[in-house]
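# What follows is a predicted structure for the sequence shown.
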Amino acid sequence: MTLIPEVGHFALWLALGVALVLGVLPLAGAANGRSDWMGLARPGAYALFFLVAIAFACLVVSFVRHDFSVLYVASNSNTALPLQYRIAGVWGGHEGSLLLWVQMLALWTVAVAAFSRHLPEAVVARILAVMGLVSVGFLLFMLFTSNPFDRLFPAPLDGRDLNPLLQDPGMVIHPPMLYMGYVGFSVAFAFAIAALLGGNLDSTWARWTRPWTTVAWMFLTIGIALGSSWAYYELGWGGWWFWDPVENASLMPWLLGTALIHSLAVTEKRNSFKSWTVLLAILAFSFSLLGTFLVRSGVLSSVHAFATDPRRGLFILAFLTVVVGASFALYAWRAPTVGLGKRFGLWSKESALLGNNVLLVVAALAVLLGTLYPLLLDALGMGKISVGPPYFDAVFMPLMAPTVFLMGVGPLARWKETDLPSLALRLRWAAAVAVLAALATGALAGEVRLVSTLGLVMALWIAASVATDLWERVHPAGAAWAEAFSRARQIPRALVGMMVAHLGIAAFCFGVVMVKSYEVERDVKMAIGDSTTVRGYTFTFNGVKELQGPNYVALQGQMQVTHNGGAPLEMRPEKRIYRVQKNPMTEAAIDAGVTRDLYVSMGEKVDGDAWIVRVYVKPFINWIWGGCLLMALGGLLAVTDRRYRRKAGVAA
């Protein structure tokens, strides 16, 4: 037994004390003009990060060294667990994932402290103080209800192992990415609260806030994509999105964060939407906190959720009520003094972005309703119901169609006022190309269907409108071709980032429509030597063999695939039994490609040597995750625009 857990526990108590000082004194100093108190903000942020990092490192060391005297380690690790999954086990359960959340919050806090030296001292003090107060809430929650360093006496000889579902490379990086996005919206929230307190809601505030919001959105996009791909290859039945309540908990802040990014653009460029932008910043972080409540309160049944005791749910609900209630009270008090900003016409870029914003917020609320309604009925004793894909397909998808349409229109519309006939004329070729290309795609896929054609039109409409926008910028009417390259180089990086992100949406939509409309699934009973043909691919089952993993035993299927007389492809799906928890797990075999995935998973053994085998051919499914990566790349390009790298001081 070592003292490392005690060091980690003590570091968390010290972090709580520092967070209290950070949350109170700089805020009071900004209110009273006390520079000495405001000056505590940056050192407090650095100290908070250092102390939380010590606690996090202590938990990592406890996992790596198999310290089963720590209850959390004993519950989520085992001596046979490979090193990478021991490290992933740090955030594989409730207590450790909460510590990861606090670590990410401390990282964002210290990042704001380090990269905000060009901002007025009072503004920085307010921002860091708000983030410090949020840290206080989570540290109190962890120390009083979810301590990751609780001891176990006597210490067992071995642990209960990590959940086999989480013993996957994707789980090593998915939670940190997701949490960086979740927690990153606390920065936009802190900027919004600081602006309401200081009364400096203007285009300068939007320019300060926008890159932080974009970075958080970028991490959340990658995190959601990683979680989706993990579900696709790990759960064994080929789905990539299940409308699972915990998935919805990450989608809602993503939708609101997307709306916030676009609203900040209007506030920065036109000094409009100021009150609306602040409201979106509050909502995005509030929905992140709501996601925390849903995942950790024990009210959800999900492959992602943590089973916890009711005290935790009550604490988070109380914390959520305080944060959201205080934020909206401040907003109600200060927002009327902000003003509406500059006026704009019905047909303008501002109107398109406002329509985009409203649709995204309504979509987030529709997801919220579908997620919470069953819980509400159950809590009121009115029975149990399940709200699944039929509801979300019927409600969410129709909201996305006009959103996608506005994505094509908005970038080509002009600020303040746009001549509608002129705009329609400029977009006529984009519309024609989208329709013709959608019909051609359906024909090549084997069948032109109405719903899938409409979906393809939407995806290709985005791509064609981006191409139109780029064409007009590099080759405006009357310009010489020789100047095109020079004009292309002059396009701001933020604008290039927007185009890349929109192309990512187009690729995502294209992948979704193709896989939902044209995938082929077949469940077959296969004995040794049996074959089945799907979309021209012949799958031949050659039996199974036993494998010994580091902490599991597997039966590995031997599947050979041939196509049009080409070289045979070997695919190796598995059925695993983990030695400690005895959970049977399905490991799919996937042959990934640009235009299709071959997907094979093994079901149950029947009738001697025969097995139930599930075979899929999934067209363009990787475009879904490729599109997400393009979106994130677009965010990265936008946030490195030169105007965000300038260190322009602004008077407080």
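Sure thing, it's come through. This one's a predicted model, so the numbers in the text were calculated from it and none came from an experiment.
# Can you tell me the element Ile612 falls in?
strand 610-619 (DSSP states H and E).
# Given that strand, what are its sheet partners and their directions?
strand 520-526 (antiparallel), strand 596-606 (antiparallel) (DSSP bridges).
# Report the central residue of this protein.
Geometric centre of the chain, nearest residue: Leu220, 3.0 Å, by CA atoms, centre = their mean.
# Give the closest residue to that one in space, chain neighbours not counted.
Excluding its sequence neighbours, the residue lying closest to Leu220 (CB to CB, 6 or more residues apart in numbering) is Gly181, at 2.5 Å. Yep, even glycine has a C-beta here, placed from its N, CA and C like the rest.
# The one you found contacts Leu226, doesn't it?
No - counting by CB atoms under 8 Å, Gly181 sits too far from Leu226 to count as a contact (10.8 Å).
# May I have the residues that are in contact with Pro402?
Residues counted as contacts of Pro402 (CB atoms under 8 Å, 6 or more residues apart in numbering) are 355, 359.
# can we see that at 10 Å?
Counting by CB atoms under 10 Å, 6 or more residues apart in numbering, Pro402 makes contact with 355-356, 358-359, 458.
# still on that earlier bit, elements contacting the next helix or strand after the strand holding Ile612?
Later in the chain than strand 610-619, the nearest helix or strand by DSSP H and E is helix 622-639. Here helix 622-639 touches helix 203-234, helix 245-270, helix 493-518, going by 3 or more CB pairs under 10 Å, 6 or more residues apart in numbering; DSSP states H and E.
# ok, now with 7 Å
helix 203-234, helix 493-518 (3 or more CB pairs under 7 Å, 6 or more residues apart in numbering; DSSP states H and E).
# where does the chain have low pLDDT?
1, 236, 296-310, 338-341, 379, 477-480, 645-652 (pLDDT under 70).
# most neighbours per residue, which of the strands paired with strand 610-619?
strand 596-606 (a mean of 19; mean count of other CB atoms under 10 Å).
# any residues touching it, and which ones?
236-238, 525, 537, 539, 557, 559, 561, 571, 573, 575, 586, 588-591, 611-619, 621-622 (CB atoms under 7 Å, 6 or more residues apart in numbering).
# Could you pick out the buried ones from these?
Neighbour-count burial (16 or more other CB atoms under 10 Å) applied to those gives 236, 238, 537, 539, 557, 559, 561, 571, 573, 575, 586, 588-590, 611, 613-619, 621-622.
# tell me the contacts of the closest residue to Asn78 other than its chain neighbours?
Spatial nearest neighbour of Asn78, excluding adjacent residues (CB to CB, 6+ apart): Asp161 at 4.0 Å. Listed by CB under 7 Å, 6+ apart, the contact partners of Asp161 are 78, 81, 551, 578, 580-581.
# what's the spacing between Gly325 and Ser286?
Distance, Gly325 to Ser286, by CB to CB, to the nearest Å: 10 Å.
# And for Ala431?
The gap separating Ala431 from Ser286 is 38 Å, by CB to CB.
# quick one: contacts for the residue nearest to Leu220?
Going by CB under 7 Å, 6+ apart, Gly181 touches 216-217, 219-220, 223.
# hmm, try it at 6 Å
For Gly181, the contact set (CB atoms under 6 Å, 6 or more residues apart in numbering) comprises 216, 219-220, 223.
# quick one: which of Ala431 and Ser286 has more around it?
Ser286 (20 against 17; other CB atoms under 10 Å).
# Pretty sure Val324 is one of the things that one touches, is it not?
Yes - if you go by CB atoms under 6 Å, Ser286 and Val324 touch, sitting 4.8 Å apart.
# Okay, and Leu376 sits in which element?
For Leu376, the host element (DSSP H and E) is helix 349-379.
# any idea how far that helix is from the chain center?
The chain centroid and the centroid of helix 349-379 are separated by 17 Å, computed with CA atoms, centre = their mean, to the nearest Å.
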